[in-house]
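Enquirer: predicted model and sequence below, questions to follow.
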4 protein chains.
Amino acid sequence: MVAKTPPMGWNSWDCYGAAVNEATVRANADFMAKHLKQYGWEYVVVDIQWSEPTAQNHEYHQFTELCMDEYSRLIPAENRFPSSAGGKGFAPLAEYVHSLGLKFGIHIMRGIPRQAAHRNTAIKGTDKTARQIAKTASICQWNTDMYGVDPEKDGAKAYYDSIFELYAEWGVDFIKCDDIARELPHEEAELRMLSDSLKNCGRDMVLSLSPGPSLVEKAELYKETANMWRITDDFWDKWELLYNMFERAEKWCIHSGEGHWPDCDMLPIGHILQDYDENIVTKFTQDEQITMLTLWCMMRSPLMIGGEMTKFDDFTMSLLTNEGLIEVLNSTHSAHPLFRKTVDGNEHIAWFTSHNNGKDHYIALFNAGESECAVTAKLPFAADFSVTDVWNGKNCGKVSDSVSADVKPHGAVLLKLTRE
Amino acid sequence: MVAKTPPMGWNSWDCYGAAVNEATVRANADFMAKHLKQYGWEYVVVDIQWSEPTAQNHEYHQFTELCMDEYSRLIPAENRFPSSAGGKGFAPLAEYVHSLGLKFGIHIMRGIPRQAAHRNTAIKGTDKTARQIAKTASICQWNTDMYGVDPEKDGAKAYYDSIFELYAEWGVDFIKCDDIARELPHEEAELRMLSDSLKNCGRDMVLSLSPGPSLVEKAELYKETANMWRITDDFWDKWELLYNMFERAEKWCIHSGEGHWPDCDMLPIGHILQDYDENIVTKFTQDEQITMLTLWCMMRSPLMIGGEMTKFDDFTMSLLTNEGLIEVLNSTHSAHPLFRKTVDGNEHIAWFTSHNNGKDHYIALFNAGESECAVTAKLPFAADFSVTDVWNGKNCGKVSDSVSADVKPHGAVLLKLTRE
Amino acid sequence: MVAKTPPMGWNSWDCYGAAVNEATVRANADFMAKHLKQYGWEYVVVDIQWSEPTAQNHEYHQFTELCMDEYSRLIPAENRFPSSAGGKGFAPLAEYVHSLGLKFGIHIMRGIPRQAAHRNTAIKGTDKTARQIAKTASICQWNTDMYGVDPEKDGAKAYYDSIFELYAEWGVDFIKCDDIARELPHEEAELRMLSDSLKNCGRDMVLSLSPGPSLVEKAELYKETANMWRITDDFWDKWELLYNMFERAEKWCIHSGEGHWPDCDMLPIGHILQDYDENIVTKFTQDEQITMLTLWCMMRSPLMIGGEMTKFDDFTMSLLTNEGLIEVLNSTHSAHPLFRKTVDGNEHIAWFTSHNNGKDHYIALFNAGESECAVTAKLPFAADFSVTDVWNGKNCGKVSDSVSADVKPHGAVLLKLTRE
Amino acid sequence: MVAKTPPMGWNSWDCYGAAVNEATVRANADFMAKHLKQYGWEYVVVDIQWSEPTAQNHEYHQFTELCMDEYSRLIPAENRFPSSAGGKGFAPLAEYVHSLGLKFGIHIMRGIPRQAAHRNTAIKGTDKTARQIAKTASICQWNTDMYGVDPEKDGAKAYYDSIFELYAEWGVDFIKCDDIARELPHEEAELRMLSDSLKNCGRDMVLSLSPGPSLVEKAELYKETANMWRITDDFWDKWELLYNMFERAEKWCIHSGEGHWPDCDMLPIGHILQDYDENIVTKFTQDEQITMLTLWCMMRSPLMIGGEMTKFDDFTMSLLTNEGLIEVLNSTHSAHPLFRKTVDGNEHIAWFTSHNNGKDHYIALFNAGESECAVTAKLPFAADFSVTDVWNGKNCGKVSDSVSADVKPHGAVLLKLTRE
């Protein structure tokens, strides 16, 4: 089974947008293997537009030509991914990533290239053509590359089978499929078809659905078809978006579990937006970053790093290499909010989760307000625990029915409760 | 000024769908010139897909290739319109129609061909390309030919100017623009741009907007930009659609006037759907056809014949050659409903309009019920009138304050009140 | 038939709110008889709360006790209407108004007094009580006097019959029924029951429904049950409300006719709100008042004066005694807007109507903008007319296909077109 | 603190509607004290209409007179609650219930009696009257007894203080307040005022809000003001309603905790609707009743018995006296659904919760389908547990990563996982 715990990795979007290239991917993979792998970080994911030769930054070139094989399947742009030359696709790059002990992922868009429909190119293994399986008026609202594929049409399944066959050949371990998570119920049949093709392709791959917000009433469908799905539209380094995640987490936390993870989106930390300016760094304060990592781990969201890793400073590295935190991500269950309430003008939020087989517990205390204050939470039951602060490792004494801590504005304190 | 009175003509859609050809157009134009022109019928309109070489019937071939010139402008498919060979476009056919004393119209879709965007072809008179002016995610929901044009983009105006320049060169007198009337407010800017280009192209052309239902709160915008606009989705030979038109007419009647006509859509009479089977004729009863023509003329909707005219029988011809009826269409004002009410299980409807400069009046009595009955309407004022039945020309005596007539189920009686 | 033309009269609400008394009514009736009757003004209407002894101004006293007879029927408060003493009700006052050659009207609320339900008083001619016919949870949103009556209940019809029997005995000519016009479809059955009782009570009474906005999709129901119905919520002396009436008039104009009149509400002119301060006068400019009267007459709205008539100045009297204007109200037909359009920053609006039996016509030119400008309207047809300005009586020469006039900001010019 | 664990008790509504009387309450209290108290059952609650002398069954008598003291406060109808004679109110009955070692509760409606507003009676400790604090147009949609109280008005707080003062004097331990839980946000201010008066009255009382469905986005408000709140409209013995509770439970489970309990409503078990016919018993099958109790306990809903206890058969008693089940209700935390999925045509549902301080766990396996089948659930983590079936007490062996059981149609199996 894939994704037994929430996937951890790096994705190129936050720093390179549509313009990531092979050198960058290799450099980040090298960095991850050397500095982060031992903490559980493993996926290296090439995000959108890898088949587009002229991409320069986060902007999409509308209606531009994409690199495509004779079977209507997109392939990497050789000028950006030189090792793909000669029809090798992503196989050499995947092989390199695998050689580092890591896993390799790519982004895809739901559907078939519009250029395939207009050129009427072939569908592998069939006498059908792209034009015959493209779904009229099923388009992405923000990108002009693809038409949806109509599951009712002969050749539709063959097309999806053929792309996952290709990805399996390349050695892909992770698929981030875009323009699909929030397109329900309209595109539910296409999601099911795509998921079936992936599952039958002969290689284990994580399936990640994007963009959000996903529909909570479709939770069981996401679980059935995918391993992670975005619960938010694109997440960036703005407090409003982070604050808003508490509500999303509240709605989705009950749907987290082995193999199926509601996804809070990538972590815009360290150096981001490098395609615009190499000096851009996250606008989140350190406390906000601690809040983000704490919430993501408490609700067991996948963790995908968004920044250029080779430039990470010590603080950023400390966010990613805290073994106590990663234990929360990997081995807790039954996370849920305890309360949200306003006390003296600051909003206090607390979450509770249980460790592994229930012996121990964690409580996260958040201060969504603008001034430092003590946040207190009553335990759901009384028992004797010794308390450790996960972020700084300090022993905080013993408690039996409530915990309390001073919390910075927009900050968090994460406490581990170990049974005496 | 064009369209001083509601345009009268023939349109190829109801009988030939996407597959009309030159021979058919010429044959119908010949018929109109010989048998209908003297009653005011004048427009011969080639409907959708004239640039599509493989069209066979009412079905659209999705993503198919269209005939296009080097400036991203659609041109007639030569195999269907042989006189267009050699880059002559519709000029020879228009010239032929003009030679008969008639006027020539064509259908267009809002936007620029998708194939132009994907091939990145030129925009005449600019250094821009189709790809640069196409509007992301602005597509027709039911046809795959075009992308919308983004009025914010350099080159957008030049494109619209270039197509109307071409239509003017061809000698086009009437443009039925599709995928636009009900696309407000999203595509309002594109409508204004298109309308401006048409008005400035140097040739008078009627602008007809499709499909409906148009938005009544945008009435003044339609008046400003166009000459007629559809108040309904496609109208076919079903009583429910005809019955429903009474409500639409009620909402739109106050917006009828010189140069601007709410449009009830084509008349599906006689032989229709000839691309499927030459034996298909309208399912409307004769009484329903009388109701339709009466309502269309009372509210002064444009009249566009939908059937294959060369096969019309005497009854159908009688609908189109009633000079008294056409007088209602051409020279009345202030039409409005008098009432809708249910009497003994039948719904009675009456409309009132004034003739020309107000001397005379017309009252239409409709029976939307299922059994013949007398329908009575009080005049809005008392005066002495002699009454004539417009449909049969008979004198019905004198009235001073109300009129009454036996009306067939789904039928109508149209009375002319001439001041004594 | 009542209300053959739009009712004209005076209503106590705008000047006295819930607190009108007999002396005031008599004084205004005297004034009307002496100064306005000859122009067609005839109804004198006592508005809401006449059964409430403690009313002082426009405020309602919530849950207060009302004067009521033994049959759960409200009767006038004797302290406010002394002539009603001894169980005479409004009969003496009605008789007085009749003696002046005028007609007498009263306001009622839909339903039965809440106090009747709580005291469980009798329903005349039945063994039922108020408690048994009151409709659970059917209350007015802005007044606490009544419960709706449930038409499904035995005794409901008897109650409505009994109140109209009483009003007929009193000599009432006009009923303004409140809390009903916009309460459809919920209270449709109660409206029908009430209307039936009125029609069967043995005395002609105009039925006026309030408050608006009425529902245009229920137009035929209003026509069937009532003589006038409010198309707006309470109208006061604010330009925004007046401006907004153009849109309402556009929707409703086709529903005007003998016996059934969409109602633009009372005219807040001259001295109003006299229950608060005797010095309050309308905030409408003179031009706005001209616009108001012009629009009301063009669309044939009932005219109910709202101000204290005995204090009217010459200008206000001139609004009400223009015979040319009242001719428009009384004897036109087929009114409709010609256009609304913005010209050089001012919105121009034109309406057209036909006179009596269609020989002559009127065009109203409105300037909804903030600066004086020429407004031009094309006639719906060409003919030779001589033109008179209705408001000042001046001859404006001849026209054949369009008219034009300088119009003040928020003002109107009303032109009569007389056939040469 | 009240309601540290979910309240357990009996409520008169399901069996006696609006017509419960003292003898019945005493008989059920006696039964509870003797047979159920030792399992934790303690509240005896008199539901709606105890101040109404003529109540006979579940029907409300609209606008009927209620027993009320001189301060506009409802008091028990003496003919139904004889011990209340002489102004003693519910004090004697409460004292009796207390003497059995149980607690006493009553139902109230939000607001002030309509009869108080209409009679204009006094508000204790003020110079205000009922008429002055009643809120115009704030009424219950299904009962005619009360008007809302307007928190903006002087005297409003005094009224609420006065009723809770009275209830405290009587010795009331539990208030079920009706017409309020789903009336947000309109009546939020009234809820806060009522809750404050209760908290300040000097006696501990559980506050229960009705009817549902409560608004999940107001969860923190309910927690702040009340101890339990209905998450559903009235719950009765229909499978559709029970099935529907899984979705409600899913949304609300994260909001359960000490002092604040989302409430699934009363248990319609055994003999119900006794005011209509003494032979009516629940239409739920035994399996459905097991499902109900299992779900209520897993999500820690309050348990309020709806049937006439003195007639309970052995099966019904077995539902209420299972100590293992009541342990789930009283001492678990972090309950949440594991999945809902359709397997071979049956919908399988599983819930997971942790015991007390996390040592042990429970899994509930539900079969919402129509045929018996095995339902399997994977544990959220792997560990060695011994398994006991809570409903039958049988040992089911050991598990380490998943559990499975045969489950009857509409039935449930509840498994306790004890750490080895």
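Expert: Done, it's in.

Enquirer: look at A:Glu258 and say how many residues are nearby.
Expert: 18 (other C-beta atoms under 10 Å in any protein chain shown). Backbone N, C-alpha and C define where each C-beta goes, glycine included.

Enquirer: and for A:Lys128?
Expert: Neighbours of A:Lys128 using other C-beta under 10 Å come to 18.

Enquirer: again with the one 10 residues further on
Expert: In terms of burial, A:Ser138 registers 19 neighbours under the definition other C-beta under 10 Å.

Enquirer: ok, and the closest non-adjacent residue to it?
Expert: A:Gly148 (3.0 Å; C-beta to C-beta, 6 or more residues apart in numbering or on different chains).

Enquirer: check which helices and strands the helix or strand hosting that neighbour sits against.
Expert: Element membership of A:Gly148 [criterion: DSSP states H and E] is strand A:146-149. Counting contacts by 3 or more C-beta pairs under 8 Å, 6 or more residues apart in numbering or on different chains; DSSP states H and E, strand A:146-149 packs against strand A:112-113, helix A:114-119, strand A:134-139, helix A:156-170, helix A:188-199.

Enquirer: shouldn't A:Cys260 be in contact with A:Lys223?
Expert: Actually, residue A:260 is His. It isn't Cys. Yes - counting by C-beta atoms under 8 Å, A:Lys223 is a contact partner of A:His260 at 4.1 Å.

Enquirer: overlap of the contact sets of those two?
Expert: Residues touching both A:His260 and A:Lys223 (C-beta atoms under 8 Å, 6 or more residues apart in numbering or on different chains): there are none.

Enquirer: thinking again about what came up before, adjacent strands (with direction) for the strand holding A:Gly148?
Expert: strand A:112-113 (antiparallel), strand A:134-139 (antiparallel) (DSSP bridges).

Enquirer: quick one: those strands as TSV, columns for mean pLDDT too.
Expert: Below are the strands paired with strand A:146-149 laid out as TSV (pLDDT from 0 to 100):
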stretch	mean pLDDT
strand A:112-113	98
strand A:134-139	93
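
Enquirer: which of these sits closest to A:Val328?
Expert: strand A:134-139 (40.1 Å; C-beta to C-beta).

Enquirer: can you give the contact residues for that closest one?
Expert: A:111-112, A:114, A:116-117, A:146-150, A:153, A:186-187, A:190, B:62-63, B:137, B:139-142, B:144.

Enquirer: among those residues, name the buried ones.
Expert: A:111-112, A:114, A:116-117, A:146-150, A:187, A:190, B:62-63, B:139-140, B:144 (16 or more other C-beta atoms under 10 Å in any protein chain shown).

Enquirer: in stretch A:203-212, what counts as buried?
Expert: For stretch A:203-212, by 16+ other C-beta under 10 Å, it's A:Met205, A:Val206, A:Leu207, A:Ser208, A:Leu209, A:Ser210, A:Pro211, A:Gly212.

Enquirer: so is that stretch next to chain B?
Expert: No - Stretch A:203-212 is not in contact with chain B by C-beta under 8 Å from any C-beta of the partner chain; minimum separation 14.8 Å.

Enquirer: packing partners for the longest strand that chain A contains?
Expert: Longest strand of chain A, by residue count under DSSP state E: strand A:332-343. Counting contacts by 3+ C-beta pairs under 8 Å, 6+ apart, strand A:332-343 packs against helix A:239-252, strand A:346-355, strand A:373-378, helix D:219-225, strand D:332-343, strand D:346-355.
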